[in-house]
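# Sequence below, structure please.
(one chain, ligands or ions: 1)
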Amino acid sequence: MIQLAEGIAPPQAALDALKRYQQEVTDAGKYSEQVVKAKERFSAYNKKGNLAFDAVKVTLTAMCSGARRCCYCEDAPADEVEHIWPKDLYPERAFRWENYLYACGPCNGPKNNGFAIFQGDAVRSVARKPMAPVVPPPTGDTVLIDPRYEDPLEFLILDLKTWRFQASAPEGTRDERRATYTLTLLHLNDREYLRQAREEAFEGYVALLEKYITRRDAGKDTQPTRGALRRRGHPTVWREMQRQWDKYDELRSLFGQAPEAQSKDFLEA
Ligand SMILES: [Zn+2]
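Predicted coordinates for the structure are as follows:
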């Protein structure tokens, strides 16, 4: 799960169109009508040829890692405009730019209307059950980590042996509950192929870093190797290598030979 770059937005014309679409939802009147309208209008507008959504998708693509990889799992191609706050529960956010990210079907599908809030320190799901009355969800702080505003790696740590994420905060704390809820809702640990992909990404990053050191020591241009590192999938694996290099012999040796690779700016330079 990656934090999306801030300060990127679609052109003003697209944002203005989203505002108009949102107004149509508001104009539907009471909450239950807004829920129906949000769903119906989103299906109608979120189509190829709609200039606003075409622009939204171009911008969301630029915010993805690698070759337009899903912002949740970092693995599969992203092809769905996902509402972080589900539009069925929060129709007032159906056309909010800040509520969008690009996700893949296997992440977006099961998440569906899953959402939870804190009531005191308890996590309360607000997902609407089938046939339940369509009323606004209770208010409270959001539990799901919001990668538009938050860095998931402030809550999560990737174990570089099991390739599973863990909560970094102590058990029972709010931050731990947020991490655990997010991992469960998005199935970030229980998909075997994701763990395999993280391990493969790790091997790829190691090979590229070795190549970088060889080229640097031979006085060759390292720019192409750094470009390859930047484009490699599963950027969280790279960030965790930077964060945890001193815990593993193999990484200690590599990052010791290339201390510049420990820096966050290494791939930007
Ligand atoms: Zn995904």
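# so where's this protein uncertain?
Applying pLDDT under 70 to the chain flags residues 269.
# try 90
Applying pLDDT under 90 to the chain flags the ranges 5-7, 64-67, 110-113, 120-121, 130, 264, 267-269.
# Quick check: residues of it near the ion?
Proximity of the chain to the ion (C-beta under 5 Å from the ion) is limited to residues C70, Y72, C73, C104, C107. Where C-beta positions appear, they are placed from N, C-alpha and C, glycine not excepted.
# Nearest to the ion: which residue in the stretch 151-269 of the chain?
Of all residues in the stretch 151-269 of the chain, L186 sits closest to the ion, at 7.6 Å by C-beta to the ion.
# What distance do you get for that residue to P147?
According to C-beta to C-beta, to the nearest Å, L186 and P147 sit 10 Å apart.
# Give the residues shared as contacts by the two.
Contact criterion C-beta atoms under 8 Å, 6 or more residues apart in numbering; residues bridging L186 and P147 by contacting each: M1, Y72.
# Between those two, which has more neighbouring residues?
L186 (23 against 18; other C-beta atoms under 10 Å).
# Touching, the more buried one and D75? I think so.
No: at 11.5 Å, L186 does not count as touching D75 under the criterion of C-beta atoms under 8 Å.
# related to what we said a few turns ago, next up, the contacts around the residue of the stretch 151-269 of the chain closest to the ion.
M1, Y72, C73, C107, P110, K111.
# Count the residues that sit near the second one.
The tally of other residues near Y72 (other C-beta under 10 Å) stands at 27.
# That one contacts G105, doesn't it?
No: using C-beta under 8 Å, Y72 is not in contact with G105; the gap is 11.2 Å.
# Do you have the strands of the protein handy? List them.
Using DSSP state E, the strands found in the chain span residues 80-83, 100-103, 116-119, 122-125, 156-158, 165-167.
# Report the buried members of the contacts of L186.
The neighbour count (16 or more other C-beta atoms under 10 Å) marks M1, Y72, C73, C107, K111 as buried among those.
# quick one, domains of this protein?
Per automatic domain parsing, the domain ranges recorded for the chain read 12-185, 192-262.
# Ok, which of those comes nearest E6?
domain 12-185 (8.0 Å; C-beta to C-beta).
# Looking at the chain, which helix is longest?
Criterion DSSP state H: the longest helix present in the chain is helix 192-217.
# Around the spatially closest residue to T162 that is not a sequence neighbour, count how many other residues there are.
The shortest distance from T162 to any non-neighbouring residue, by C-beta to C-beta, 6 or more residues apart in numbering, is to R195 (7.4 Å). Per other C-beta under 10 Å, the neighbour tally for R195 reads 18.
# can I assume R195 is in contact with W163?
Yes: assessed by C-beta under 8 Å, R195 is found in contact with W163 at 3.9 Å.
# And the closest residue in space to E24 that isn't next to it in sequence, how far from the ion?
Once flanking residues are discounted, E24 sits nearest to R41: 5.7 Å by C-beta to C-beta, 6+ apart. As judged by C-beta to the ion, to the nearest Å, R41 and the ion stand 25 Å apart.
# where exactly do the helices run in this structure?
Here the chain has its helices, by DSSP H, at 12-26, 31-45, 51-63, 105-111, 174-185, 192-217, 223-231, 235-244, 249-257.
# out of those, nearest to D141?
Closest of the helices of the chain to D141 is helix 174-185, at 8.1 Å (criterion: C-beta to C-beta).
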